[in-house]
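1. return a 3D structure for these sequence lines:
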Amino acid sequence: MKLPRRRVLGAGLAAAACGALPSLLTARSSSAATDRPKRVVIIFTPNGPQHEVGPTQGNETAFTLHPWWSPLQRHIADGLFFRGVHVPGVPFGKVDEYGHQSGTAGALTARCTEGTSTGTGPSLDQYLGQQLFQRGVITPKRSLLWGLYDNADGPFYEAAGQPVAPVSNPYTALAALAPSFGSSNGMAMVDEALSRKRFILDHIREDCSRLRGRLGAEGRTMLDFHCSNIETLEKSLSVAMTAPALECKMPTGPVADLPEKTNFSQRETRDVAMESFTKLIPLSFICDITRVIAVSFAPGAARFSIPEKYGVASSAEVDSGDSGPQMHAWTHQGRDNPGTLPSLQTFYQWFSTHVANIIDELQNNKDADGVPLLDSTLVLWTSEFGAGLPHTNRNIPVMLFGNSGGQFKTGRHFEASGDDKARAMVMHNLFVSIIRHAGLSDIDTFGNAGSGPLDWLKG
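-> Numbering: from 1, shown residues only. Coordinates of the predicted model:
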């Protein structure tokens, strides 16, 4: 018997309708300093620098930041800067386009499109959350994804062909975290609503098992994907009802300097949205709501603008059909256009300012044992697109901040060399290093290729 797709998806949608989300868990007590949770922040920016190779140049220890990335100067001692690398995955299989499409699909999945025009595996953020959950590291949220847009056109995938859209409204982001704040006599708060949701999840899980035998191969694949999420919710609730809690408090005052019903995907709201998400990152880690957070400024090939006060000029219409004070149009303008380099520099300095602010928050906020969060957190910044004509997946500007509790030697510059595969392999190895930092020490590969971690990180 072949059931309608709507019926197959019902299990996952029913849980959402009942409000049975992973965020129902109250934050757990922190481990000892020797067992401090390891966290990851993944940052994605669109379109690439196009006309400038960065972010650094020089040798390993004597290098300078390119002016476009100058707001990161105060964190140069905390960073590992990569120049000349290639988007991972793309050189190792069949791609639909050697540019925005292949780069966006591969940037965080480390896989090529294989002719599907979409990601063919989970992105790094989703993979980390999934693997930690499977190993028994169960937090209220497997991972969090926030961004300055609310569609699923970006580089984030829960699985092959399953893109994920970021939350763009900071109030919505905080509402998802809210059930994890507060405690009663040092124990997680358990109320009747939580118990009812656990009861509902039990029945949905039973429905998953019953329906599976009545479906064909395609239907079982779809059902397994959604029922695995039900299992995540159920296990998170089980921990929620027994785990000791930290004294994590709801932020006082509004989460943003704009009303809740603001459209935070609009140009003029983007500073406020990023400032809000920046404040929520350390809060989520201190309260152990998640170990993995992704922040996306825009999807690939985005027609993306920043607030008018930054003075980005309007581009004339370009061959892609777009125009105005937005980044994508300026990446299609030639280097000889007097507005091209100043406009793209403004975008990159704006991105860099917000990334630097995120690192500030991780330095200034302390873990449960009084150590700065940056000591246990890696911050990765990458893009789908690099520098060079025509649009290329080469020369991607990549930065990693944090020393993984002293495991990595920071304040250094890496110059990739070799053919496209060798330059892409740097990213595959870098991703494996990040995965191992998170506690998954037995993983040697990620995406289309891999050969273990990037040993250079250790100095």
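2. let me know the helix or strand that the residue nearest the centre of the chain is in.
-> When Cα atoms, centre = their mean is applied to the chain, the residue found nearest the centroid is residue 294 (2.2 Å). Secondary-structure assignment from DSSP states H and E places residue 294 in strand 292-296.
3. if we can go back for a sec, and the residue nearest to the centre of the chain, what pLDDT?
-> Per-residue pLDDT puts residue 294 at 98.
4. do the same with residue 361
-> For residue 361, the predicted pLDDT is 98.
5. now it: phi and psi?
-> phi -60, psi -40 (degrees, to the nearest 10).
6. how about residue 381?
-> According to degrees, to the nearest 10, residue 381 has phi -120, psi 130.
7. need the contact list for it.
-> Residue 381 makes contacts with 43, 44, 45, 355, 397, 398, 399, 400, 401, as judged by Cβ atoms under 8 Å, 6 or more residues apart in numbering. C-beta coordinates here come from the backbone N, C-alpha and C atoms, glycine included.
8. my guess is the fifth one is in a helix, correct?
-> No. Under DSSP: H, G, I helix; E, B strand; the rest coil, residue 397 sits outside any helix and is assigned strand.
9. quick check: it touching residue 385?
-> No. In this structure residue 397 lies outside contact range of residue 385 using Cβ atoms under 8 Å: 9.6 Å.
10. what's next to stretch 160-169, contact-wise?
-> Counting by Cβ under 8 Å, 6+ apart, 116, 118-123, 126, 144-154, 156-158, 173, 176, 225, 260, 262, 264-265, 273, 294-296 sit against stretch 160-169.
11. now residue 117: how far from residue 104?
-> 10 Å (Cβ to Cβ, to the nearest Å).
12. so which of the two has more stuff around it?
-> residue 104 (30 against 13; other Cβ atoms under 10 Å).
13. contact partners for the spatially closest residue to that one that is not a sequence neighbour?
-> For residue 104, ignoring the flanking residues on the chain, the nearest one in space by Cβ to Cβ, 6 or more residues apart in numbering is residue 300 at 2.9 Å. Residue 300 makes contact with 46, 47, 100, 101, 103, 104, 107, 153, 154, 155, 384, 385, according to Cβ under 8 Å, 6+ apart.
14. make JSON lines out of these and add secondary structure, pLDDT and distance to residue 335.
-> Converted to JSON lines, the contacts of residue 300 look like this (DSSP: H, G, I helix; E, B strand; the rest coil; pLDDT from 0 to 100; distance: Cβ to Cβ, whole Å):
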{"residue": "46", "secondary structure": "coil", "pLDDT": "95", "distance to residue 335": "20"}
{"residue": "47", "secondary structure": "coil", "pLDDT": "95", "distance to residue 335": "15"}
{"residue": "100", "secondary structure": "helix", "pLDDT": "93", "distance to residue 335": "19"}
{"residue": "101", "secondary structure": "helix", "pLDDT": "94", "distance to residue 335": "24"}
{"residue": "103", "secondary structure": "helix", "pLDDT": "96", "distance to residue 335": "20"}
{"residue": "104", "secondary structure": "helix", "pLDDT": "97", "distance to residue 335": "24"}
{"residue": "107", "secondary structure": "coil", "pLDDT": "98", "distance to residue 335": "24"}
{"residue": "153", "secondary structure": "coil", "pLDDT": "94", "distance to residue 335": "28"}
{"residue": "154", "secondary structure": "coil", "pLDDT": "95", "distance to residue 335": "27"}
{"residue": "155", "secondary structure": "coil", "pLDDT": "97", "distance to residue 335": "27"}
{"residue": "384", "secondary structure": "coil", "pLDDT": "94", "distance to residue 335": "21"}
{"residue": "385", "secondary structure": "coil", "pLDDT": "92", "distance to residue 335": "16"}
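15. which of the residues you listed are buried?
-> 46, 47, 100, 101, 103, 104, 107, 154, 155, 384, 385 (16 or more other Cβ atoms under 10 Å).
16. wait, doesn't residue 83 sit right on residue 417?
-> No. Residue 83 is beyond contact range of residue 417, at 10.3 Å (criterion: Cβ under 8 Å).
17. in this protein, which spans are strands?
-> 39-45, 56-58, 63-65, 79-85, 144-147, 157-159, 162-163, 292-296, 377-383, 396-401, 412-415 (DSSP state E).
18. tell me the strands beside the fourth one, with direction?
-> Spelled out, it's strand 79-85. Strand 79-85 has the following sheet partners, assigned by DSSP bridges: strand 396-401 (antiparallel), strand 412-415 (parallel).
19. now the angle between strand 377-383 and it, please.
-> 30 degrees (axes from the mean of the first three to the mean of the last three Cα atoms, to 10 degrees).
20. list of residues touching strand 79-85?
-> 53-57, 63, 65, 72, 394-401, 408, 410-417, 423-424, 426-427, 430, 457.
21. excluding residues flanking it in the chain, which one is nearest residue 91?
-> residue 420 (4.2 Å).
22. from residue 359, how far off is residue 73?
-> 12 Å.
23. and residue 318, by the same measure?
-> 34 Å.
24. returning to what we had before: and the contacts of residue 300, which two are the farthest apart?
-> The most widely separated members of these are 153 and 385, with 14.3 Å between them, by Cβ to Cβ.
25. count of neighbours near residue 105?
-> 32.
26. ok, it - contacts?
-> Here residue 105 is in contact with 89, 111, 112, 113, 117, 118, 119, 120, 155 (Cβ under 8 Å, 6+ apart).
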